[in-house]
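**Student:** Take this sequence and fold it.
(chains A and B)
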Amino acid sequence: MANISVSLPDGTQRELKQGATAADLALDIGAGLAKAALIAEVNGEEADLNKVLPDGAAVSIVTGDSDKGLETLRHSTAHVLAQAVLELYPGATFAIGPPIEHGFYYDFAMPEDETLTEENLEGIEEKMREIITADQAFIRGEVSANEALEIFSDHPFKCEIIKVADSSEVQTPDAISFYRNGDGFIDLCRGPHVPSTGKLQHFKLMNVAGAYWRGNEKNPMLQRIYGTAWASKKQLKDHLFRLEEAARRDHRKLANELDLLSFPDELGGGLAVWHPKGSQVRKLMEDFSRQRHEDGGYEFVYSPHIANAELFRTSGHLDFYAEGMYPPMEMDNGEYYLKPMNCPMHCLIYRTGTKSYRDLPIRLFELGTVYRYERAGTLHGLMRIRGFTQDDAHIFTTEEGLAEEIAGLLEFVISVLEAFGFNEFTFNLSTRDPQKSVGDVQMWDLATSALEEALDKHGLLFDRKEGDAAFYGPKIDIDVSDAIGRSWQLSTIQLDFNLPERFSLRYINSSGERKRPVMIHRALMGSIERLFGILLEHYAGAFPTWLAPIQVAVLPVANEHEKYAKDVIGKLEAEGIRCEFLRADNPLGKRIRDVKTQKVPYVLVAGGDDTANGTVGVNPRGSEVERDVPLSEFIGRLRTEVEERL
RNA sequence: GCCGGGUUAGCUCAGUUGGCAGAGCACUUCUCUUGUAAAGAAGAUGUCGUCGGUUCGAUUCCGACACCCGGCUCCA
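**Tutor:** Have a look, this model is predicted:
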């Protein structure tokens, strides 16, 4: 029999018998690989393992170690989910079920009078395990569109997919591919799939959710089951552990446990009250922001929380964002709205008096509280709320001054974010969408290249998001990575050619001509409330000493040491250190436990030796206890730590 | 806004197949006076989210609303 030769990713060649499949190749390379193999890549195209290899092909065997392998594994698991649901719930029909980050989902429409709830997941999972234990082979097939419509005649969503010519589920317009496994479960699918259900051992169904068909809220709502799937038991376990870790850090839980803030029902959805400790932290964040802006050449302004509708007509907010604004209040001379943004107010401030090019750039800063009517279902702790405060500034500059201003801004943003313990940033540059934009193209080009140059100048890598800009100008968004690797969009630098026009803003240039300034909207923290939530999760509630609401707890060993302990507190407070005193009405261990659960950075214990020697026992958060530390030494260390924001 | 789940003491949660509800922690008082993550005893604590309906009787069943959770959609 003739042989064929294929090349492997490492460049080596392998002889195989004519008609050999990718699975044969894997086995030829090694039993371990054969077992781990999920799919193959043949001449750059993903294929099932049972694909017969053409002579001369470049082949690589894909396992669960790669993203592609995992994706396939998850996709196959989604098929098994659909198979289980359709078997368990006659009359249910299925829509789509793709792999996603960490897992997969599948959307279903349940028969009338039936709904899936999380209680059903256990039974579905059990059925899936049966299917997996049966080790059913996934078998690919192709039919014409008409035949496919016949096969899926009971499943309207599938028929809709078949009818859409450019659907990614369909391989070519005249052949529809599908996969079959078990006793007749069949699903439309481009593939490839793992060879058999036995490969799908490490999965877990997570939750049930609603999802619109094709993601459009005008379409019917389906029921979506989310699951996670991995190549090994360990990976699955690690993933579930990471989810638990995120839950442990949940800012809503920590805010409650650490007595930082609350969301009383009577206040209404998406509105918080800040308790003294949360307010202390927030105040420190705000003070820091103010200090940095003062140093950075910003002028401070204030503006009211409500404004006449006329203002928001001028700014265009009522035309474009009325749905996101609180409904109007009827008042004597018209309608008033809660402000959803500070920019119109800042434009009014700029507009007073005549501005010369010599005055620019003008940088107006405000910790401005805005109110947005977020839809009820979108609220989420501090991350998405209806009243929040932006570290908002509007910079008015000349076209010529734009590039320099942006460059300075980038530096400024990064230095502020770094103070909050972030050191990994992602930059996104959003450019013009020709379909919806105002201002002339020349202006856009100038502004976009100013943004781009500024990024280049600082050697910052960035992703270009073509057409992602707001209608009024291009922007740079900055994301940070937190302590557990999650990404948060915090800062934004947006250019605006629209508002200066709408408010008729001007300056006089050096030739005595009236010119339009360019406006830059920029927020570094974004929303103070949201950043507070992010920091709470980032630090897992253990705020660094400079931000901690209580920095030091002082505990006398016994009542007789109370006077000395209070002297210690007096000295600390004289240094501006935030202290708490716990009298000796409980065992020392108990009191230490109490303050440790509150994540106080330093516990000082004051006993007999200390009283005699002017020392303290220092029990720091996260490191070893140190006895007999002279108080002055401790104060010195703490001062350094606070000043350097360690 | 839409789909699903939920709301019981300050917190975390159990419970009542319809007969005025319970634990742990926290709190208060007393005793103990402690050297680095939970001393002991006693005590107080609830419109069982709100409003309506069914019922002799509703925290429990039904409905509306509010708020929360998981998603979808949205996010200037």
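
**Student:** The residue of the stretch 401-550 of chain A found nearest RNA strand B bridge partners, please.
**Tutor:** Per C-beta to the nearest atom of the strand, residue A:470 is where the stretch 401-550 of chain A lies closest to RNA strand B, at 5.0 Å. C-beta here means a position set from N, CA and C on the backbone, and glycine is covered the same way. Beta bridges link residue A:470 to residue A:473, judged by DSSP bridges.

**Student:** Compute the number of surrounding residues for it.
**Tutor:** 20 (other C-beta atoms under 10 Å).

**Student:** With residue A:505 instead?
**Tutor:** What residue A:505 shows, counting by other C-beta under 10 Å, is a neighbour count of 19.

**Student:** From residue A:210, how far off is whichever residue of the stretch 251-400 of chain A sits closest to RNA strand B?
**Tutor:** Residue nearest to RNA strand B within the stretch 251-400 of chain A (C-beta to the nearest atom of the strand): residue A:377, separated by 2.2 Å. Look at residue A:377 and residue A:210: by C-beta to C-beta, to the nearest Å, they are 10 Å apart.

**Student:** between these two, who's got more neighbours?
**Tutor:** A count of neighbours by other C-beta under 10 Å puts residue A:210 above the other of residue A:377 and residue A:210, at 11 against 8.

**Student:** what's the spacing between that one and residue A:138?
**Tutor:** 29 Å.

**Student:** re the thing from before, quick check, the residue of the stretch 401-550 of chain A closest to RNA strand B in contact with residue A:492.
**Tutor:** No. The pair residue A:470 / residue A:492 is not scored as a contact, 9.8 Å apart, by C-beta atoms under 8 Å.

**Student:** Which residues of the stretch 501-646 of chain A lie near RNA strand B?
**Tutor:** A:557-560, A:584-590, A:592-593, A:596-597, A:603, A:605-611, A:616-619, A:625, A:627-628 (C-beta under 7 Å from any atom of the strand).

**Student:** If any of those are buried, put those into a PyMOL selection.
**Tutor:** To isolate the buried ones among these in PyMOL, judged by 16 or more other C-beta atoms under 10 Å, type:
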select buried, chain A and resi 557+584+588+592+603+605+606+607+610+611+616+617+618+619
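
**Student:** Just the residues of the stretch 501-646 of chain A next to RNA strand B: which are in helices?
**Tutor:** A:588, A:589, A:590, A:592, A:593, A:596, A:597, A:608, A:609, A:610, A:611 (DSSP state H).

**Student:** Can you check what pLDDT the model gives the third one?
**Tutor:** Residue A:590 is assigned 96 on the pLDDT scale.

**Student:** Please list all residues in contact with it.
**Tutor:** Contact analysis of residue A:590 by C-beta atoms under 8 Å, 6 or more residues apart in numbering lists nothing.

**Student:** If you count neighbours, what's buried in the helix or strand containing residue A:449?
**Tutor:** In the assignment (DSSP states H and E), residue A:449 maps to helix A:441-457. Neighbour counts over helix A:441-457 (16+ other C-beta under 10 Å) mark A:443, A:444, A:446, A:447, A:448, A:450, A:451, A:452, A:454, A:455 as buried.

**Student:** just for the stretch 101-250 of chain A, where's the confidence low?
**Tutor:** A:165-174 (pLDDT under 70).

**Student:** one more time with 50
**Tutor:** A:167 (pLDDT under 50).

**Student:** Would you map the helices across it?
**Tutor:** A:121-133, A:145-151, A:156-163, A:233-248 (DSSP state H, counting those that start in this stretch).

**Student:** Nearest approach to residue A:111 belongs to which of those?
**Tutor:** helix A:156-163 (13.0 Å; C-beta to C-beta).

**Student:** which helices and strands does that closest one pack with?
**Tutor:** Contact here means 3 or more C-beta pairs under 8 Å, 6 or more residues apart in numbering; DSSP states H and E; on that basis helix A:156-163 packs against strand A:93-94, helix A:145-151, strand A:185-188.

**Student:** Would you tell me whether the first one gets close to RNA strand B?
**Tutor:** Spelled out, that is strand A:93-94. No. Strand A:93-94 does not reach RNA strand B (C-beta under 7 Å from any atom of the strand); its nearest approach is 14.9 Å.

**Student:** Now the element after that strand, going C-ward?
**Tutor:** Of the helices and strands lying after strand A:93-94 in sequence (DSSP H and E), the nearest is strand A:99-100.

**Student:** what is the rounded mean pLDDT of that next one?
**Tutor:** 96.

**Student:** How far away from the center of its chain is that strand?
**Tutor:** Relative to its parent chain, strand A:99-100 has a centroid offset of 17 Å by C-alpha atoms, centre = their mean, to the nearest Å.

**Student:** go on, stretch A:482-493?
**Tutor:** 7 Å.

**Student:** in it, what counts as buried?
**Tutor:** A:482, A:488, A:490, A:491, A:492, A:493.

**Student:** Alright, that wraps it up for me.
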